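A.B. asks: pasting a predicted model and its sequence here:
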Amino acid sequence: MKKYPKIVQCDARGQIVIPKDIRQELEIEEGSAFWMYSITEEGILLKLVPKDELSEHSVVISRIKEKSDKIGVSSKNVDKSVSEYKKRPSGRMEEI
């Protein structure tokens, strides 16, 4: 994997584009999910959630709940997101 910086821009809705070569290397496709962490006042870390974990919702949810205090997410918000996710027929995490 290439380890050089890439510059991307944020649009008005807060979206960024992951460069194509990185998406290909990491096998990121539409519907891929990421853990997002605020690691400094100036930066974030995105960590790809493996596809096999997406089919095991309980594993993903338990990991989020375990780390909820550390990442500043309340249990109520996790439960609300799970509820919203289950209502989606497509099962795509980006629709939460």
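C.D. replies: Ah, there it is.

A.B. asks: next secondary structure element downstream of the helix or strand of the chain with the lowest mean pLDDT?
C.D. replies: One helix or strand of the chain scores below all others by mean pLDDT, DSSP states H and E: helix 51-55, with a mean of 58. Of the helices and strands lying after helix 51-55 in sequence (DSSP states H and E), the nearest is helix 57-71.

A.B. asks: next secondary structure element downstream of that following helix?
C.D. replies: That would be, after helix 57-71 and using DSSP H and E, helix 75-87.

A.B. asks: now for that next one, which elements pack on it?
C.D. replies: Secondary-structure packing of helix 75-87 (3 or more C-beta pairs under 8 Å, 6 or more residues apart in numbering; DSSP states H and E): helix 57-71. The C-beta positions use only the backbone N, C-alpha and C, and glycine is treated the same way.

A.B. asks: tell me the helices and strands packed up against the helix it packs on.
C.D. replies: Packing contacts for helix 57-71, counted by 3+ C-beta pairs under 8 Å, 6+ apart, involve helix 51-55, helix 75-87.

A.B. asks: what's the angle between it and helix 75-87?
C.D. replies: 150 degrees (axes from the mean of the first three to the mean of the last three C-alpha atoms, to 10 degrees).

A.B. asks: so what's the gap between helix 57-71 and the chain middle?
C.D. replies: With C-alpha atoms, centre = their mean, to the nearest Å as the basis, helix 57-71 stands 12 Å off its chain's centre.
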